[in-house]
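>>> Generate coordinates for the sequence data below:
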Amino acid sequence: MIIQHLMLVLLSVIRFDPSDGVSLVLSGGGARGFAHVGVLMALEEEGVLVRTVTGASMGSLIGGLYSSGYSPPFIDSLVRNTDWAWLFSSAPDSRLTMLPLRLSRSHDILTLQFKGFSPVLPRSAISTQRVASLLSSVTGPVQVDHGIEFDSLPIPLRLVAFDLVSRCRIVHSSGNLSICQLSSMAVPAVFPAVRMGEMLLVDGGVGDNIPVDVAKDTWKYPVLAVDISSGSPEIPENPTMIQVGSLTYSALSQRVNDLYHVEADYYFRPDLHGAESYVFTSEAADSLIDLGYNQMLAYLREHPEIPRRPSHHGVWVDPRPDYLIDNVQFTGLENVSESVVHDWLILERGDEASTCQLREAAEKLYASGLFNRVYYRLEPAADSGFVDVIYTFEESEPSSVGIGLTYCDDFGLDARFTYRHLDFMKAGNHFIFSIGGGDRYFFTEIRLLDLSSGTRNWITDYSVTSWQMKAKFFERDRTVCDRVVTMAEASAAMGFSTGWSGLTELGVSGVLHRYGSSDPDGFPFVFMSHTNETMSDPVNPRSGIRLKTKLYWAPLGSHKHGSLNYDFESAFPFLRRGTMQFTFWGQLLSGTTWDWQDSRLTASRSIPGMPWNSLPARQRLAGSACFRRDLNGPFFLSIETGASWDWESPLEIEDGESTWGAGLSAGMRTPMGPAVISCGWSTEWHERWTVSIGSPLTYGPGR
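Next comes the predicted model:
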């Protein structure tokens, strides 16, 4: 055995100059590619000189960063500290989305875009919007200084993709590095294919997952290949339709890979303990990086013949943390005008911007809702020291239809269809039409958010809403009666948005109403409202506040009155995996108005144990507290309590009446919203069980 080992060392010395280093080949394998980071850490620690890098799929992402000059510790920190769920999410960043747009979004379980009358299916299951933006921010500055040729990078690079048009493997040796990385990791149906000229590129692993031949044909160094692929899948006894499709794809891909197969000089395949290729989490990253590091160290010590010496290349450091922008250019615009894009853009010619600000600018354009994707790249400008920023857009189809469902045993199933038209009148406006109903009610809503002021701060909001409901009204004396209520309201408001968190509106509105068998009645009123919201997820709030106030005055007609409605909610992390929420709400009412105008608690804000649509009151001060503890997976438990103080005259608060309750609920998060079963006990109605599914924000007539 010792003699064989000495022979291997001798042959290695004869074939290669130890000072030459190695060509590193990094395979694809999805999330298993986190192990590549540990491999790089071990190579640097052992003094293995990496002369060139060739990557496929996930190997192209990690290899591209390393070739750009970023050190393994930097890549390690980037991977471990990335929120991968957020990175692969298609939801716009709430902190860059104007509050009027956030509030206008319905919580649909299914949304389809339409082109004319034909539905447009999504291009992929997972968005690469943020992945592209992140890669541009770290590789763009490198290419500004080193050029578009991959041989001019700190470490020469080749990336492999597969062209669906020519049905051939494509080897990238130049171009926009971030886009080439995206094309190499575009797993079919999972990530969107990348259009590059006449080519339609997908994951390099489809054709050549371990491109050893590319490295051998391009450079003279010995090849060290790192294979983190999942290997041959097991064949189940009775495969499902999805399993058959996956097995077919795997088999065909392997056949194509065999055409390019070449043995590496050094082949390393770590044992990743059955890690799944689709589990992108911080925990998986920590585990796989450590496995790759420890096993590569052991492999290198078992192979002393692998060339070593201290790495000659240093860590690339961006010499210009802020870039002077010479020009901002747009490509891919067909329906949306450049003037609309400029309204949303936070960067202009002559500005200084860091890579973080460039990413934020792209994210804000994406948050406008007008685009499916917004990519950007940097190019050296004609003037030395300046850069050009080129944005590439993929426009959303202007029309979409959303379907939402909510169920609560109080009022049954609530189904709604929402039609949206973006860029209405070619001005970036949003037109919304909703129709739906439940067991005993029906509603329609038409709304236009006019965002064509040119500043994206001032908005005009026009809406017409109508609904009819036959409901059980629960009175304070515990009597229950069925009544039919019909209402229509039209309003127009001018508002000022302070960005993602605040909105103040002043408007006029008119109401037409019929209550039971009484004659129709109505009145006009003026109102002023303010909303402040910093919750990133209103359906499942974990932190932030929500403040809503509305003051309106109706000086005409038989119902002369004024009212102040207030609503405040605060959520924050509490204990391990817990969330605490405090809520205060109610109204102050003066003058005369109809019974329905009396404040009634809805299902979205009920005291535990109280029926929906109960406790009429003219004046109300109410509050609740809820502690929710997340369990394994999507499950959670909640403990809540609530109370209200109700009285008749605004100045006679001491003559009020109290109601309080407490409850316990268990549920799970679903695509439709939380599914919850709860039991509550109150001083008025004693115990009450409730079953619901769907976003609480959509409960009740008119949502």
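
>>> what's the neighbour count on residue 634?
By the criterion of other CB atoms under 10 Å, residue 634 has 12 neighbours. (Each C-beta comes from the backbone N, C-alpha and C, glycine too.)

>>> is it true that it touches residue 670?
Yes. Using CB atoms under 8 Å, residue 634 makes contact with residue 670 at a distance of 7.3 Å.

>>> So residue 165 belongs to a strand, correct?
No. The assignment for residue 165 (DSSP: H, G, I helix; E, B strand; the rest coil) gives coil, which keeps it out of a strand.

>>> what's the burial count for it?
By other CB under 10 Å, the residues close to residue 165 number 11.

>>> my read: it touches residue 200, true?
Yes. The pair residue 165 and residue 200 qualifies as a contact (CB under 8 Å) at a distance of 5.4 Å.

>>> list the residues that contact both of these two?
Contact criterion CB atoms under 8 Å, 6 or more residues apart in numbering; no residue bridges residue 165 and residue 200 by contacting each.

>>> what pLDDT does residue 450 get?
In this prediction, residue 450 carries a pLDDT score of 86.

>>> Is it bridged to anything, and to what?
The bridge-partner assignment for residue 450, based on DSSP bridges, gives residue 460.

>>> Wait, it touches residue 459, no?
Yes. Distance between residue 450 and residue 459: 6.4 Å, which falls inside the contact criterion (CB under 8 Å).

>>> Neighbour count for the two, which is higher?
Set side by side, residue 450 and residue 459 show unequal neighbour counts under other CB under 10 Å, the larger going to residue 459 at 24 against 19.

>>> List the residues that contact that one.
In this structure, residue 459 makes contact with 98, 100, 449, 450, 451, 453, 494, 495, 496, 497, judged by CB under 8 Å, 6+ apart.

>>> Quick check: closest non-adjacent residue to it.
Using CB to CB, 6 or more residues apart in numbering and skipping residues adjacent in sequence, the residue nearest residue 459 is residue 495, 4.9 Å away.

>>> Just to check, the one you found is in contact with residue 462?
No. Under the criterion of CB under 8 Å, residue 495 makes no contact with residue 462, lying 11.4 Å away.

>>> These two: which has the busier surroundings?
Here residue 495 and residue 462 are set side by side on neighbour count (other CB under 10 Å), and the busier one is residue 495, at 20 against 15.

>>> The more buried one: what's it in contact with?
100, 458, 459, 460, 461, 503, 504, 505, 506, 507.

>>> From residue 368, how far off is the fourth one?
Translated: residue 460. 17 Å (CB to CB, to the nearest Å).

>>> Can you pick out the residue with more neighbours from those two?
Each of residue 460 and residue 368 has its neighbours counted (other CB under 10 Å); residue 368 has more, 26 against 17.

>>> I'd say the more buried one and residue 344 touch.
Yes. Using CB under 8 Å, residue 368 is in contact with residue 344, at 4.7 Å.

>>> Need the overlap of contacts for these two.
Common neighbours of residue 368 and residue 344 are listed as residue 428 (criterion: CB under 8 Å, 6+ apart).

>>> for the stretch 101-250 of the chain, what spans make up the strands?
Ranges of strands within the stretch 101-250 of the chain are 110-115, 118-120, 157-163, 168-172, 194-196, 199-202, 223-226, based on DSSP state E, counting those that start in this stretch.

>>> how far away is residue 681 from residue 475?
Relative to residue 475, residue 681 is positioned 20 Å away (CB to CB).

>>> same check, this time on residue 382
Residue 382 is 77 Å from residue 475, by CB to CB.

>>> if you count what's nearby, which of these two comes out ahead?
Residue environment comparison for residue 382 versus residue 475 gives the larger neighbour count to residue 475, 12 against 8, counting by other CB under 10 Å.

>>> List the contacts of that one.
For residue 475, the contact set (CB under 8 Å, 6+ apart) comprises 481, 614, 616.

>>> Tell me, how many residues neighbour the last one?
What that stands for is residue 616. Counted with other CB under 10 Å, residues neighbouring residue 616 total 18.

>>> And it, which helix or strand is it part of?
Taking DSSP states H and E as the definition, one finds residue 616 inside strand 614-617.

>>> Residues contacting the helix or strand that comes right after that strand, please?
On the C-terminal side of strand 614-617, the closest following helix or strand by DSSP H and E is strand 619-630. Defining contact as CB under 8 Å, 6+ apart, one finds that strand 619-630 is touched by 574-575, 577-589, 599, 601, 605, 607, 636-650, 653, 656.

>>> Name the nearest residue to residue 591, ignoring sequence neighbours.
residue 561 (2.8 Å).

>>> Report the beta-bridge partner residues of the one you found.
Counting by DSSP bridges, residue 561 forms beta bridges with residue 554, residue 591.

>>> what residues are up against it?
Residues touching residue 561, when contacts are defined by CB under 8 Å, 6+ apart, comprise 553, 554, 589, 590, 591, 592, 593, 597.

>>> repeat for residue 56
Under the criterion of CB under 8 Å, 6+ apart, the contact list for residue 56 reads 26-28, 159-160, 184, 203-205, 208-211.

>>> what about the residue lying closest to it once chain neighbours are set aside, how many neighbours?
Taking CB to CB, 6+ apart as the measure, residue 56 lies nearest to residue 204, with 3.7 Å between them; neighbours along the chain are not counted. Residues contacting residue 204 under the criterion other CB under 10 Å number 32.

>>> how close does residue 204 sit to residue 63?
Residue 204 sits 11 Å away from residue 63, going by CB to CB.

>>> Pull up the overlap in contacts between these two.
When contacts are counted by CB under 8 Å, 6+ apart, residue 204 and residue 63 are jointly contacted by 55, 159.

>>> Give me the pLDDT value at the residue nearest to residue 591.
Value for residue 561, per-residue pLDDT: 87.

>>> From here on, call the first residue 33.
Yes, from this point I'll number from 33; that puts the last item at residue 593.

>>> Could you report the separation of it from residue 460?
Between residue 593 and residue 460 the distance, using CB to CB, works out to 38 Å.

>>> what's the answer for residue 603, then?
From residue 603 over to residue 460 (counting by CB to CB), the distance is 32 Å.

>>> now swap in residue 469 and tell me
Using CB to CB, one gets 31 Å for the distance from residue 469 to residue 460.

>>> can you check residue 165 too?
For residue 165, the distance to residue 460 (CB to CB) stands at 21 Å.

>>> What of residue 117?
Computed as CB to CB, the residue 117 to residue 460 distance reads 29 Å.

>>> for the stretch 33-182 of the chain, what spans make up the helices?
Per DSSP state H, counting those that start in this stretch, the stretch 33-182 of the chain carries helices over the ranges 34-47, 67-78, 90-99, 104-113, 116-119, 131-136, 161-178.

>>> And these: which comes nearest residue 473?
Distances from residue 473 to each of those were compared by CB to CB, and the smallest falls on helix 131-136, at 21.6 Å.

>>> Packing partners of the closest one?
In terms of contacts (3 or more CB pairs under 8 Å, 6 or more residues apart in numbering; DSSP states H and E), helix 131-136 is packed against strand 461-469, strand 473-482, strand 512-529, strand 534-547, strand 553-565.

>>> need the contact list for the closest residue to residue 721 other than its chain neighbours.
Ranked by CB to CB, 6+ apart and with sequence neighbours excluded, the top spatial neighbour of residue 721 is residue 711, at 5.3 Å. By CB under 8 Å, 6+ apart, the contact list for residue 711 reads 695, 696, 697, 719, 720, 721, 722.

>>> List just the nearest of the residues you listed to residue 267.
After measuring the contacts of residue 711 against residue 267 - CB to CB - the closest member comes out as residue 697, at 43.5 Å.

>>> what residues are up against the closest one?
Going by CB under 8 Å, 6+ apart, the list of residues near residue 697 reads 669, 670, 672, 708, 709, 710, 711, 722.

>>> now, which of those residues sits nearest residue 581?
Using CB to CB, residue 672 is the member of the contacts of residue 697 that sits closest to residue 581, with 23.7 Å.

>>> Quick check: which element contains the closest one?
Take DSSP H and E as the rule and residue 672 turns out to sit in strand 667-679.
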